[in-house]
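Engineer: Fold the following.
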Amino acid sequence: MFTSRAEYRLHLREDNADLRLRDKGIRVGLVNEKDQGPFFAKKSAIEKTLSEISTVRIYPDKRE
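Structural biologist: Below is the predicted model:
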């Protein structure tokens, strides 16, 4: 179990800064149209992967 401060630091990692801040930059006009396409493609790919992962069930007692 993490403390709330540790959880907050994990949330503010530099590798997810674009996902946290790019929408705000687009909204206020700081991100040009050329840079929006790759961002939305990345965001869509991440959402698709997370939804696929959430449907997978792994059972430790079954072997294939």
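
Engineer: what helices or strands is the longest helix that the chain contains leaning on?
Structural biologist: Ranked by residue count and defined by DSSP state H, the top helix of the chain is helix 33-55. If you count contacts as 3 or more C-beta pairs under 8 Å, 6 or more residues apart in numbering; DSSP states H and E, helix 33-55 packs onto helix 17-28. Where you see a C-beta, it was placed from the backbone N, CA and C, and this is true even at glycine.

Engineer: Identify each buried residue in the helix it packs on, please.
Structural biologist: 18, 22, 26 (16 or more other C-beta atoms under 10 Å).

Engineer: What residues does the residue lying closest to the first one once chain neighbours are set aside make contact with?
Structural biologist: Taking C-beta to C-beta, 6 or more residues apart in numbering as the measure, D18 lies nearest to F39, with 6.6 Å between them; neighbours along the chain are not counted. Under the criterion of C-beta atoms under 8 Å, 6 or more residues apart in numbering, the contact list for F39 reads 18, 22, 31.

Engineer: of the buried residues of helix 17-28, closest to E52?
Structural biologist: D18 (21.6 Å; C-beta to C-beta).

Engineer: Fine, thanks again, bye for now.
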